[in-house]
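**Student:** here you go, sequence then predicted model.
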Amino acid sequence: MQSRVSWTVTLAFLAVAAPPTGLEAPLPEREVAVPSKFSDIRIRDEGAFRSMYFARPDGTMALETRVDKAHPERLVVPYTRAMFASYLYTPKPKRALLVGLGGGAMVHFLAAFDADLLLTAVDIDPAVVSSAARYFGVRSTANVEIVTADAFDVLAKKSPTYDVIWMDAFLQPSEDTDANGVPLTLKTRAFWKQVKSRLSEDGVLVVNVNTGPSTKRDLEVMEGAAGPLFTVTPRGSGNLIVIAPKRVPDKETLAARAKALDGRTKSVGFGDLAARVRGY
């Protein structure tokens with residue numbers, strides 16, 4: 001997401017009745033550059049996978065999304081699997097909010113794993129939203145609403161509340177963000193209090209954190225606003241997944257829920273996630 005100072009509000013709903021497509025045809029060239037005022041977006045086919053990158057001014061390529069073209073519902077990037085530790089805390093969510101769309105790998109997974117979930121996915125960048133539709137087959141459906149908007153406006157609305165809020169929003173690093181591209185306005189106590197207030201009674205907030213020098217301070221701020229935090233370090237990833245539940249189940253309940261969830265899918269590894277949850 002972008003900083004509050006420079007954000008412009010755009011709201012677009014892409015309602016499409018047909019099932020998602022967009023991964024069937026190869027890209028027109030080895031790398032597609034997508035114009036954007038927020039980030040330098042690149043789309044690549046890499047063997048069996050399609051990826052979205054943000055190209056940074058120093059020449060590095062920050063991976064935003066990677067999807068298995070034949071099976072887009074499979075979570076390829078390790079941290080995305082850990083984001084669904086949310087189901088250990090809220091196993092039967094009815095309504096959820098995803099802030100930060102990217103190429104929509106998490107949307108593909110949810111459409112297959114929890115088809116009845118009412119999901120709103122928000123991204124500030126129209127170029128990201130259009131790229132997700134064109135190249136990754138991620139569009140609005142009966143239960144999925146893709147919104148191009150300032151997430152502050154979405155979170156400021158009084159209704160509805162959400163059973164899960166997933167935060168996975170990054171931009172090109174600038175003077176308005178930290179070194180990882182997280183807007184500074186998303187690192188305040190006031191912001192996290194607002195986010196927590198949008199959760200239902202049994203809701204859970206899950207945040208993807210790219211660790212760095214400010215991580216300890218950032219988590220202290222989040223904890224002061226959102227309450228007790230729990231963390232999972234995904235295998236094979238430098239990310240830290242932070243979980244802030246409204247209700248905290250005991251370890252036996254987590255283990256029982258993990259076993260039931262692993263009975264529904266083997267692609268996440270809920271048992272492993274439950275064993276790796278740590279209190280902050």
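**Tutor:** Okay, I see it.
**Student:** tell me where the stretch 1-150 of the chain has strands.
**Tutor:** In order along the chain, the stretch 1-150 of the chain carries the following strands (DSSP state E, counting those that start in this stretch): 31-34, 41-46, 49-55, 61-68, 95-99, 118-123, 144-148.
**Student:** let's have the ones you listed in CSV, adding distance to D272, mean neighbour count and mean pLDDT.
**Tutor:** Where C-beta positions appear, they are placed from N, C-alpha and C, glycine not excepted. Output for the strands of the stretch 1-150 of the chain, formatted as CSV (distance: least, Cβ to Cβ, whole Å; neighbours: other Cβ atoms under 10 Å; pLDDT from 0 to 100):
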stretch, distance to D272, mean neighbour count, mean pLDDT
strand 31-34, 35, 14, 96
strand 41-46, 26, 18, 97
strand 49-55, 23, 21, 96
strand 61-68, 20, 19, 94
strand 95-99, 22, 23, 97
strand 118-123, 25, 22, 96
strand 144-148, 28, 21, 97
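**Student:** compare these and give me the one nearest F230.
**Tutor:** F230 lies closest, by Cβ to Cβ, to one member of the strands of the stretch 1-150 of the chain: strand 95-99, at 18.4 Å.
**Student:** with respect to T253, which of the strands of the stretch 1-150 of the chain lies nearest?
**Tutor:** Smallest distance to T253 across the strands of the stretch 1-150 of the chain (Cβ to Cβ): 20.7 Å, for strand 95-99.
**Student:** sheet partners, orientation included, of the closest one?
**Tutor:** Paired neighbours of strand 95-99 in the sheet (DSSP bridges): strand 118-123 (parallel), strand 162-167 (parallel).
**Student:** show me what that strand is in contact with.
**Tutor:** With Cβ atoms under 8 Å, 6 or more residues apart in numbering as the contact definition, strand 95-99 has outside contacts at 1, 106-107, 110, 117-123, 151, 154-155, 160-169, 198, 200.
**Student:** list only buried entries from the residues you listed.
**Tutor:** 1, 106-107, 110, 117-123, 151, 155, 162-169, 198, 200 (16 or more other Cβ atoms under 10 Å).
**Student:** what residues are up against L75?
**Tutor:** 81, 84, 105-106, 109, 267-268.
**Student:** including distance to K216, could these go into a markdown table?
**Tutor:** Formatted as a markdown table, these follow (distance: Cβ to Cβ, whole Å):
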| residue | distance to K216 |
| --- | --- |
| R81 | 25 |
| F84 | 25 |
| A105 | 29 |
| M106 | 27 |
| F109 | 31 |
| S267 | 32 |
| V268 | 28 |
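**Student:** which SSE is I243 in?
**Tutor:** strand 239-245 (DSSP states H and E).
**Student:** and the next helix or strand past that strand?
**Tutor:** As assigned by DSSP H and E, the chain's next helix or strand after strand 239-245 is helix 251-262.
**Student:** could you pull out the helices in the chain for me?
**Tutor:** For the chain, the helices defined by DSSP state H cover 78-83, 86-89, 105-113, 126-136, 151-156, 189-197, 215-226, 251-262, 270-276.
**Student:** so which other helices or strands are in contact with the last one?
**Tutor:** Using 3 or more Cβ pairs under 8 Å, 6 or more residues apart in numbering; DSSP states H and E, the elements in contact with helix 270-276 are helix 86-89, helix 251-262.
**Student:** can you give me the buried ones in that helix?
**Tutor:** 270-271, 273-274, 276.
**Student:** which of the residues you listed sits closest to V32?
**Tutor:** Nearest member of the buried residues of helix 270-276 to V32, counting by Cβ to Cβ, is L273, at 34.0 Å.
**Student:** test my guess that that closest one contacts S86.
**Tutor:** No. Using Cβ atoms under 8 Å, L273 makes no contact with S86, being 9.9 Å away.
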